[in-house]
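Trainee: dropping a prediction and its sequence here:
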Amino acid sequence: MSNKTLSILSYITIIGWIVSFIKSKDHLPKNDLVTYHLRQGLGFFLVSFILNIALSIIVAMIPSLYFINLVGIVLFIIWIIGIINAANEQKKALPIIGKAFENKFGFLDR
């Protein structure tokens with residue numbers, strides 16, 4: 001697989017992220033673009049997972065706050081932006097959450 005494909009795949013579900021991670025280990029030397037998007041993709045999945053659980057609990061306790069589930073639309077837009085950045089082979093952080101994950105997940109560098 002090409003580096004561009006692996007970068008895009010890192011945003012397509014957690015299974016796609018795992019496939020991209022395993023395939024990127026086969027490429028030597030490591031590609032900075034793929035590693036960058038693996039970081040961004042993993043960070044996005046962690047944030048969206050935690051946020052969805054928290055919002056589900058809040059809405060279950062206070063049903064009148066059902067409108068906060070619209071945060072899912074914001075997450076969808078962020079996800080699309082990540083895929084577009086990977087397709088354009090750009091190392092741009094995801095809006096709102098991307099800067100937090102640029103230097104995290106050190107295991108990806110090995």
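Mentor: Arrived safely. Predicted model only: the values in this text are computed from it and were never measured.

Trainee: show me where this protein has helices.
Mentor: Counting by DSSP state H, the chain has helices at residues 3-9, 13-26, 32-61, 71-87.

Trainee: list the contacts of stretch 45-63.
Mentor: Outside stretch 45-63, the residues that touch it by Cβ atoms under 8 Å, 6 or more residues apart in numbering are 14, 17, 65, 66, 68, 69, 71, 72, 75, 79, 97. All C-beta atoms are positioned from the backbone trio N, CA, C, and that covers glycine.

Trainee: re the thing from before, quick one: closest of the helices of the chain to residue 104.
Mentor: helix 32-61 (6.4 Å; Cβ to Cβ).

Trainee: coming back round to it: so which of the helices of the chain comes closest to residue 110?
Mentor: That would be helix 13-26 among those, by Cβ to Cβ, at 8.7 Å.

Trainee: contacting residues around the closest one?
Mentor: Identification of contacts with helix 13-26 by Cβ under 8 Å, 6+ apart yields 1, 6-7, 9-11, 30-31, 34-35, 37-38, 41-42, 45, 108.

Trainee: count the neighbours of residue 11 for me.
Mentor: By other Cβ atoms under 10 Å, the residues close to residue 11 number 27.

Trainee: roughly how far does it sit from residue 66?
Mentor: 28 Å (Cβ to Cβ, to the nearest Å).

Trainee: most tightly surrounded among the helices of the chain?
Mentor: Ranked by average neighbour count under the criterion mean count of other Cβ atoms under 10 Å, the helices of the chain are headed by helix 3-9 at a mean of 21.

Trainee: same question for that one, mean pLDDT?
Mentor: Across helix 3-9, pLDDT averages out at 91.

Trainee: give me the residue at the spatial middle of this structure.
Mentor: Computing the C-alpha centroid of the chain and ranking residues by Cα atoms, centre = their mean puts residue 41 first, at 2.2 Å.

Trainee: please consider this matter closed, and thank you.
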